[in-house]
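>>> let me see the structure of the following:
(chains A and B)
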2 protein chains.
Amino acid sequence: MAPDWIAVDWGTSNLRVTAMGPEGPLATRGSDQGMGQLAPDGFEPALLALISDWLPATGQMPVMVCGMAGARQGWVEARYRAVPCTPLDAGALTPVPTRDPRLEVRIAPGLSQADPADVMRGEETQIAGALTLDPGFDGVICLPGTHSKWAHVSAGEVVSFQTFLTGELFALLSEQSVLRHGLAGGDGFEEDAFDAALSDALSHPHRFAARLFGLRAEGLLSGLTPVAARSRLSGLLIGVELAAARPYWLGQPVTLVGAEKLSALYARALAQQGITARQLSGPASALAGLASLRRP
Amino acid sequence: MAPDWIAVDWGTSNLRVTAMGPEGPLATRGSDQGMGQLAPDGFEPALLALISDWLPATGQMPVMVCGMAGARQGWVEARYRAVPCTPLDAGALTPVPTRDPRLEVRIAPGLSQADPADVMRGEETQIAGALTLDPGFDGVICLPGTHSKWAHVSAGEVVSFQTFLTGELFALLSEQSVLRHGLAGGDGFEEDAFDAALSDALSHPHRFAARLFGLRAEGLLSGLTPVAARSRLSGLLIGVELAAARPYWLGQPVTLVGAEKLSALYARALAQQGITARQLSGPASALAGLASLRRP
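So this is what the prediction gives:
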């Protein structure tokens, strides 16, 4: 295999590399060597471990990186670009010095917003990709995940954005808090429990803090099942996010970019509010964003 | 030392025993043998490790227990009593069979509420103690902690109560979430940061989810100090709790029962709302509650 270039999505917990040919992706590989586990001199070996057999005997291979590899604690810091601005700028990539002369690595910087203070790293590339996949889109892009982002996009620029800890809160509460005793792992889902909790959280977000322990108490007292409790926690947290993100989605076209199952939950939640959201794949959007940097 | 009886406060993470004489406490000891680490047959040895030299050569020593030792996963289940009811009832203690014939152990049951579903274990004893220390109190007792409780008390009975995960959320967010990177450990506190976050959360609780990541982003972009970030997280979480607990405290006399520093934060927060709260010590209230069970 002789790729033209290599696309790299380097998150906090995972590394994902794709060999790119003239027609698109040739192969994808991944590892758990995310930014969180690596010191600065650990990035090049972690990358080579996945791509060395894609490199030419002589000459240089362009490697385009997005995500947390550009954080201050990452490989080389790629300083934030301040919104309003285009999500990516081919002229504003940060070159990375490497020991292996065959590598020509550049990192796409994240975006920052002064007030309210906010930052993203990696999602800007997915947003750029979503705009490639849906040219001329004007509206709101929501990227559900550990740290969900809502971005207002207009005329090809990110105008403003807002981050929510929803995914991280769900993980902490369901795996490490007292609620874990009453929550199923696994994949079960109860639509009614999700819908009711979502609606309650959207209508009465100030009661959020009072609802959490109720999941535990109802499990003890009235046999709330773990699957129902988990679905309800999900509805509650997404509902509180939607309540705070209302200025973003109200009356706007919304595109969801992310993992399919999680995006489907957000789509269901938005549908309850009369919003039909389009769904795009997160990895495909990231690839499309990185590919857009290669074009003239 | 020859105590009349022994008071035991057995929480999830800690065990605290007090030798009681006719005039009150003679000595207190503790260990980390909380309910969370113990199988049912581990409770008696954990207790004996602390009190064996307080036991008589012959005859029985009354041991009065409150807290999580009475949970379903505890020593012996002490089934909840349903509110409205007095916080404690000397006639409704659960006797515990022991191998050591010198022990005469009884566990005080917790309280349950059907709708909204809620439970407490241990706090009912502190409430009973607070009523002993302040006889005739009618109003609201707030017990800040890992799982904060608000209880409406009238004519010596707990009428209703509500639990909040505030302390657990603070621990998870400050120690395990992405926010940990920007939060000080230690004891620093900035009043202005706490007050502003509290006021913001009380006025706009629906923005809670949007505020959390801002702590991280302001640390990265505008130098928010770890002490200020920690104070603001505290104000934010207590503010969201107060927003949801408003039906409890609004226009009511409030007594805070708990650890001194945490109670002081709640007192400060309530003072912002024009409420002057009395503060009582948590351990002293628990002792007073257990002691009330010994009286005719």
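>>> make it CA atoms for all contacts and neighbour counts henceforth
OK.
>>> wait, A:Met1 touches A:Trp54, no?
Yes. Using Cα atoms under 8 Å, A:Met1 is in contact with A:Trp54, at 6.5 Å.
>>> the more surrounded of the two?
A:Trp54 (16 against 11; other Cα atoms under 10 Å in any protein chain shown).
>>> tell me who's in contact with that one.
By Cα atoms under 8 Å, 6 or more residues apart in numbering or on different chains, the contact list for A:Trp54 reads A:1-3, A:19.
>>> enumerate the residues of chain A near chain B.
A:112, A:114, A:116-119, A:162-166, A:168, A:172, A:177, A:205-210, A:212-214, A:217-218, A:221, A:240-241, A:243-245 (Cα under 8 Å from any Cα of the partner chain).
>>> now these: which count as buried?
Using 16 or more other Cα atoms under 10 Å in any protein chain shown as the burial test, those include A:112, A:117-119, A:162-166, A:168, A:172, A:205-210, A:212-214, A:217-218, A:221, A:240-241, A:243-245 as buried.
>>> so which of those residues belong to helices?
Applying DSSP state H to those, the entries found in helices are A:166, A:168, A:172, A:208-210, A:212-214, A:217-218, A:221, A:240-241, A:243-244.
>>> tell me which helix or strand of chain A sits lowest on mean pLDDT?
helix A:208-222 (a mean of 92; mean pLDDT, DSSP states H and E).
>>> show me how far that helix is from its chain's centre.
30 Å (Cα atoms, centre = their mean, to the nearest Å).
>>> which ones are touching A:Ala19?
Taking Cα under 8 Å, 6+ apart as the definition, contacts of A:Ala19 comprise A:3-7, A:25-28, A:54.
>>> same thing but at 6 Å, please
A:3, A:6, A:25-27 (Cα atoms under 6 Å, 6 or more residues apart in numbering or on different chains).
>>> same question, A:Ala267
Here A:Ala267 is in contact with A:Ala277 (Cα under 6 Å, 6+ apart).
>>> hmm, try it at 8 Å
Residues counted as contacts of A:Ala267 (Cα under 8 Å, 6+ apart) are A:256, A:276-279.
>>> got a markdown table for those residues, with pLDDT, distance to A:Leu93 and neighbour count too?
Putting the contacts of A:Ala267 into a markdown table (pLDDT from 0 to 100; distance: Cα to Cα, whole Å; neighbours: other Cα atoms under 10 Å in any protein chain shown) gives the following:
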| residue | pLDDT | distance to A:Leu93 | neighbour count |
| --- | --- | --- | --- |
| A:Leu256 | 98 | 26 | 24 |
| A:Thr276 | 95 | 35 | 16 |
| A:Ala277 | 97 | 32 | 23 |
| A:Arg278 | 96 | 30 | 14 |
| A:Gln279 | 97 | 28 | 21 |
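>>> just those residues: which are in helices?
Among those, no member lies in helices (by DSSP H).
>>> now, among those, which is nearest to chain B?
A:Leu256 (18.4 Å; Cα to the nearest Cα).
>>> so A:Ser174 makes contact with A:Thr166?
No. Look at A:Ser174 against A:Thr166 with Cα under 8 Å: they stay out of range, at 11.9 Å.
>>> now stretch A:130-147 - C-alpha only, CSV.
Taking Å, rounded to 0.1, in the frame of the first residue of the first chain, the C-alpha atoms of stretch A:130-147 are listed here in CSV:
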residue,chain,number,x,y,z
ALA,A,130,-19.5,18.4,8.1
LEU,A,131,-19.4,21.6,6.0
THR,A,132,-17.6,19.7,3.2
LEU,A,133,-20.2,17.0,3.3
ASP,A,134,-23.0,19.5,3.4
PRO,A,135,-21.7,22.6,1.6
GLY,A,136,-23.4,25.9,2.4
PHE,A,137,-24.9,24.7,5.7
ASP,A,138,-25.9,27.5,7.9
GLY,A,139,-27.2,26.7,11.4
VAL,A,140,-26.1,24.7,14.4
ILE,A,141,-23.8,21.7,14.6
CYS,A,142,-24.0,19.6,17.7
LEU,A,143,-21.2,17.2,18.5
PRO,A,144,-22.4,14.9,21.3
GLY,A,145,-19.7,13.1,23.3
THR,A,146,-17.7,13.2,26.5
HIS,A,147,-17.6,16.9,26.2
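>>> inside strands: which ones of the contacts of A:Ala267?
A:256, A:278-279 (DSSP state E).
>>> so the residue of chain A most remote from its centre versus B:Leu111, what's the distance?
Distance from the C-alpha centroid of chain A, by Cα atoms, centre = their mean, peaks at A:Leu221 (37.6 Å). Per Cα to Cα, to the nearest Å, A:Leu221 is found 11 Å from B:Leu111.
>>> can you list the low-confidence ranges for chain A?
Scanning chain A for pLDDT under 70 picks out the ranges A:186, A:296.
>>> domain assignment for it?
Domain segmentation of chain A under automatic domain parsing yields A:1-110, A:122-296.
>>> could I get those as a markdown table with distance to B:His181?
Formatted as a markdown table, the domains of chain A follow (distance: least, Cα to Cα, whole Å):
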| stretch | distance to B:His181 |
| --- | --- |
| domain A:1-110 | 11 |
| domain A:122-296 | 14 |
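>>> just the ones you listed: most buried one?
domain A:122-296 (a mean of 20; mean count of other Cα atoms under 10 Å in any protein chain shown).
>>> my guess is A:Ile107 contacts A:Ala71, does it?
No. Look at A:Ile107 against A:Ala71 with Cα under 8 Å: they stay out of range, at 10.0 Å.
>>> tell me what A:Met120 is bridged to.
A:Leu111 (DSSP bridges).
>>> neighbours of it, how many?
23.
>>> so what's the residue in the stretch 1-150 of chain A positioned nearest to chain B up against?
Closest to chain B within the stretch 1-150 of chain A is A:Asp118: 4.9 Å, counting by Cα to the nearest Cα. If you count contacts by Cα under 8 Å, 6+ apart, A:Asp118 has them with A:112, A:161-163, B:213-214, B:217-218.
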